[in-house]
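Undergrad: Got a predicted structure here, sequence first:
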Amino acid sequence: MALSMQRETFGGGNNNKQLQQQMDSSKYVRYTPEQVEALERVYTECPKPSSLRRQQLIRECPILSNIEPKQIKVWFQNRRCREKQRKEASRLQTVNRKLNAMNKLLMEENDRLQKQVSHLVYENGFMRQQLHTVPATTTDTSCESVVMSGQQQQQNPTPPHPQRDANNPAGLLAIAEESLAEFLSKATGTAVDWVQMIGMKPGPDSIGIVAVSRNCSGVAARACGLVSLEPMKVAEILKDRPSWFRDCRCLDVLNVIPTGNGGTIELIYMQTYAPTTLASARDYWTLRYTTSLEDGSLVICERSLTPTTGGPPGPPATCFVRAEMLPSGYLIRPCDGGGSIINIVDHIDLDAWSVPEVLRPLYESSKILAQKTTMAALRHIRQIAQETSGEIQYSGGRQPAVLRTFSQRLCRGFNDAVNGFLDDGWSIMGSDGGEDVTIAINSSPNKFLGSQYNTLSMLPSFGGVLCAKASMLLQARPIINVPPALLVRFLREHRSEWADYGIDAYSAASLKASPYAVPCARPGGFPSTQVILPLAHTVEHEEFLEVVRLEGHAFSPEDVALSRDMYLLQLCSGVDENAAGACAQLVFAPIDESCADDAPLLPSGFRVIPLDPKSDGPNATRTLDLASTLEVGPGGARPPGEADGYDLRSVLTIAFQFTFENHFRDNVAAMARQYVRSVVGSVQRVAMAIAPSRLSSQLTPKPLPGSPEALTLARWISRSYRIHTGAELLQVDSQASDAVLKNLWNHSDAIMCCSVKSNASPIFTFANQAGLDMLETTLVALQDIMLDKILDEAGRKILLSEFSKIMQQGFAYLPAGICVSSMGRPVSYEQAIAWKVLNDDDSSHCLAFMFINWSFV
């Protein structure tokens, strides 16, 4: 018994020793500074090292030899946890700082609204009192009374501002102080009746509070936001207007005068581009005043110098209409914890009466001003702030500044082409009898000196650049209710619907050593596909910079030379349908495969600007230039029952640029003019195809495909359906050769075919008229749509489970479900039938689907 107890005690001692060793290996270890430094170096390279890496670390670092691998593992786990907690704490601090700043903005906005309400209540009470107490003699409306009143007003006119001398700094400072007071009353007071823009909801990640003016002279917009940059940096960015204002052609500071309070007065001449070829560009002659307030805020205010305000006269400009900038500017306040709170006010008078009446809404819209100027400034600052903090990472190793330069060059080149200023060397070429397309030529050496086309301009036969451009009003019924964002997004995603691959090949040839190997493109071209490779996008995804690879498919030996892959640098902006007043734009330029930072760019593209809806009138259905071809029906009359609210009008501007050789100038001009007209016709068809389905009964039916291949495919589809299901798909009474195709084309249910390949996703190859309506596309663009892109997750799972049954039995019934059109709209259907289409040899040709009783959700 004693021996047994002794053995148990001996065994228990071993167990206690092992337990103690386990406790020692897992207890807290105090690391020396040298050990922490060695571990931190490894953590910087690899935050989560493997077991082998940890053992290697112990072997390579003698100072870690007394630490177990398990303890090293625990150290890295704790280190990752601390890093995660630190990032989360930093994020929460940032969000809290943003919320505090946003709360401050909202409180200020609430105070402003309360003051505005008090002012309106006071005015209302005063007017009520005047209506009850006014004597009868003052209500005399006779001519004599009116004349006497007018004479009294003439005897006491409003004293104008005294004329200030350009050489008198005190006079300019007086103008600056008046502008400062008026600007602050707009930024933080009630000088303007502000109305918040729809969809602009304040929050920690929103752009800020955006409002537009109501019932004031000119157009005005205001924005309040928070950015993580210091006030001085924000002021530097905002004063560099050409870097963020895409419509700014040039900004020249002609004089700088320091003031006694530490501020500066600048006399500025600025030119801006016209958004369309139907109106003149604008210029401004302004005084800009930069100073600091007592609370440490920075203020940059600006206003035009006119005979009314006084001050020196501005430079003359014959090709521009002088616009007036009413007191505007930026109030930049430091924010607690870093960053800045920005108040932006833009208030201008664009002299809308100098443009055609139909375009005046474009110059009288505060929403357009807010999108193009006010919000653009705030977005640019937020973009710079996030790039500076490292929150945005772009692929490809390119610096954000380089990508922004690409975007600026594309926009500037397109604006130069649309405006065609004489001082840039542009001249108008004679027309062919039609006034719809304008051809401008630039052969000036200054156009290419020091630019990307410097090497081409040295060639003796180099003629210059030719631009074919046109603008039109889109308002006729076929494109009613097609927002600019939707139209531009379709043009971007379905390039084959409107572009000619031969024209693209000619444009790309200008980048080669022998640029004129393709003197003229063949009309019609040949099939091509596009692959979009994203480069960058802005914070709110309102602008995309991307590379487009065009892949040509040659079907004859003479096409092989043109069928090589080509590349375009493309900028797409304004594709958010919910952004009020946003201009949608698609600009692209051919580049070589390397896409170097200094790649030559000759931009072309589209711009669609919305106009505010107008009520019915004698000119409600009139169009400009080529838009007259968009009319449907006799006299372009509005269809009965169409609501006025659906009259969404837009201004479409198209510009395409080409280089040319001297002896090919006339040929290139004729080709460019014909191409722009064909593009306009394609835009008509695109707009009709993507018009909402509620108008489909009023639209012209889509043309019936009449090729022999379509006739054969229709016969195969009908025959295969009868073989597999035992029922007739079509009731054909006529003996005509195209009777089957006509019945299939006009079938009420959506019928479509897709390819079946083992190594590729199924792609649609054919659809009847109902199928095209359901997918919101056309026969040409149909080939860019894949089957798995329109089916939802449930639909894909069902099709995958039934696929073997379809291939063995020949058909299968699919339950009701939801799919998505090419425009992203959900479509519901009660049932779908899938069957295998057999050719004349009874071999599988494709897969057919019929969606029964479909409708948009």
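TA: Structure received. Residues are numbered from 1 along each chain as shown.
Undergrad: buried sites along stretch 256-275?
TA: For stretch 256-275, a neighbour-count test (16 or more other CB atoms under 10 Å) marks 259, 263, 265-275 as buried. Every C-beta, even on glycine, is put in place using the N, C-alpha and C of the backbone.
Undergrad: With stretch 279-299 instead?
TA: Buried residues in stretch 279-299 (16+ other CB under 10 Å): 279, 281-291, 297-299.
Undergrad: Straight-line length of it, end to end?
TA: 34 Å (CA to CA, to the nearest Å).
Undergrad: Just list the residues touching Cys61, thanks.
TA: Ala38 (CB atoms under 8 Å, 6 or more residues apart in numbering).
Undergrad: Could you rerun that using 10 Å?
TA: Taking CB atoms under 10 Å, 6 or more residues apart in numbering, we find Cys61 in contact with Glu34, Gln35, Ala38, Leu39, Arg41, Val42, Ile67.
Undergrad: Now the third one: closest residue in space that isn't a chain neighbour?
TA: For Ala38, ignoring the flanking residues on the chain, the nearest one in space by CB to CB, 6 or more residues apart in numbering is Cys61 at 5.0 Å.
Undergrad: And for the second one?
TA: Closest residue to Gln35 apart from its sequence neighbours, by CB to CB, 6+ apart: Ile63 at 5.5 Å.
Undergrad: hmm, who's touching stretch 722-738?
TA: 704-706, 708, 710-711, 714-715, 717-721, 739-747, 749, 751, 806, 809-813, 833-838, 842, 848, 850.
Undergrad: Now pLDDT and secondary structure too, for the buried residues of stretch 256-275, in a markdown table please.
TA: Shown next, in a markdown table, are these (pLDDT from 0 to 100; DSSP: H, G, I helix; E, B strand; the rest coil):
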| residue | pLDDT | secondary structure |
| --- | --- | --- |
| Thr259 | 88 | coil |
| Gly263 | 90 | coil |
| Ile265 | 94 | strand |
| Glu266 | 94 | strand |
| Leu267 | 94 | strand |
| Ile268 | 95 | strand |
| Tyr269 | 95 | strand |
| Met270 | 95 | strand |
| Gln271 | 95 | strand |
| Thr272 | 95 | strand |
| Tyr273 | 95 | coil |
| Ala274 | 94 | coil |
| Pro275 | 93 | coil |
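Undergrad: For the stretch 101-250 of the chain, which segments count as strands?
TA: If DSSP state E, counting those that start in this stretch is used as the criterion, the strands of the stretch 101-250 of the chain fall at 194-196, 209-213, 219-227, 248-258.
Undergrad: Grab the nearest non-local neighbour of the spatially most central residue of the chain.
TA: Central residue of the chain (CA atoms, centre = their mean): Ser573, 2.0 Å from the mean position. Distance criterion CB to CB, 6+ apart; nearest residue to Ser573, sequence neighbours excluded, is Glu543 at 4.1 Å.
Undergrad: Give me the neighbour count for that neighbour.
TA: Around Glu543 sit 21 other residues, with neighbours defined as other CB atoms under 10 Å.
Undergrad: and Val548, what does it touch?
TA: Val548 sits next to 492, 495, 504, 530-533, 566-570, 588, 590-591 when contact means CB under 10 Å, 6+ apart.
Undergrad: Just the buried ones from those?
TA: Buried among the contacts of Val548 (16+ other CB under 10 Å): Arg492, Arg495, Asp504, Gln530, Met566, Tyr567, Leu568, Leu569, Gln570, Phe588, Pro590, Ile591.
Undergrad: Give me the sheet partners of the helix or strand encompassing the fourth one and which way each runs.
TA: Secondary structure assigned from DSSP states H and E places Gln530 in strand 528-537. Each strand that strand 528-537 pairs with, and the sense of that pairing, follows from DSSP bridges: strand 543-552 (antiparallel).
Undergrad: Report the rounded mean pLDDT for the strand it pairs with.
TA: Averaged over strand 543-552, pLDDT sits at 85.
Undergrad: and whichever helix or strand comes after that strand, how far from the chain's centre?
TA: Sequence order places strand 566-573 as the next helix or strand after strand 543-552, per DSSP H and E. Between the centre of strand 566-573 and the centre of its chain there are 13 Å (CA atoms, centre = their mean, to the nearest Å).
Undergrad: For strand 566-573, enumerate the helices and strands it packs against.
TA: Using 3 or more CB pairs under 10 Å, 6 or more residues apart in numbering; DSSP states H and E, the elements in contact with strand 566-573 are helix 400-419, helix 484-493, helix 501-509, strand 528-537, strand 543-552, strand 584-591, strand 604-611.
Undergrad: Using PDB, write out every CA atom in it.
TA: Only the C-alpha atoms of strand 566-573 are listed here, as PDB (Å, rounded to 0.1, in the frame of the first residue of the first chain):
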ATOM      1  CA  MET A 566      -7.000  49.700 -81.100                       C
ATOM      2  CA  TYR A 567      -7.200  51.700 -77.800                       C
ATOM      3  CA  LEU A 568      -9.100  54.700 -76.700                       C
ATOM      4  CA  LEU A 569      -8.700  56.800 -73.600                       C
ATOM      5  CA  GLN A 570     -12.200  57.600 -72.500                       C
ATOM      6  CA  LEU A 571     -13.800  59.900 -69.900                       C
ATOM      7  CA  CYS A 572     -17.500  59.400 -69.000                       C
ATOM      8  CA  SER A 573     -19.200  61.700 -66.500                       C
END
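Undergrad: so what strands line up beside it?
TA: Sheet pairing of strand 566-573 (DSSP bridges) gives strand 543-552 (antiparallel), strand 584-591 (antiparallel).
Undergrad: Would you format these as TSV with distance to Ala672 included?
TA: Formatted as TSV, the strands paired with strand 566-573 follow (distance: least, CB to CB, whole Å):
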stretch	distance to Ala672
strand 543-552	19
strand 584-591	15
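Undergrad: what's the most buried one of these?
TA: Greatest average neighbour count among the strands paired with strand 566-573 goes to strand 584-591 (a mean of 25), per mean count of other CB atoms under 10 Å.
Undergrad: quick check: mean pLDDT across that strand?
TA: The model assigns strand 584-591 a mean pLDDT of 92.
Undergrad: what angle sits between that strand and helix 400-419?
TA: 100 degrees (axes from the mean of the first three to the mean of the last three CA atoms, to 10 degrees).
Undergrad: Just give me how far strand 584-591 sits from the chain centre.
TA: 12 Å.
Undergrad: As PDB, could you dump the C-alpha coordinates of the strand holding Gln530?
TA: The C-alpha coordinates for strand 528-537 follow below in PDB (Å, rounded to 0.1, in the frame of the first residue of the first chain):
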ATOM      1  CA  SER A 528     -16.000  44.900 -83.600                       C
ATOM      2  CA  THR A 529     -16.200  44.400 -79.900                       C
ATOM      3  CA  GLN A 530     -15.000  46.600 -77.000                       C
ATOM      4  CA  VAL A 531     -13.500  45.800 -73.700                       C
ATOM      5  CA  ILE A 532     -13.500  48.500 -71.000                       C
ATOM      6  CA  LEU A 533     -10.500  48.700 -68.700                       C
ATOM      7  CA  PRO A 534     -11.100  51.000 -65.800                       C
ATOM      8  CA  LEU A 535      -8.300  53.400 -64.800                       C
ATOM      9  CA  ALA A 536      -9.800  55.700 -62.100                       C
ATOM     10  CA  HIS A 537     -13.000  57.200 -60.800                       C
END
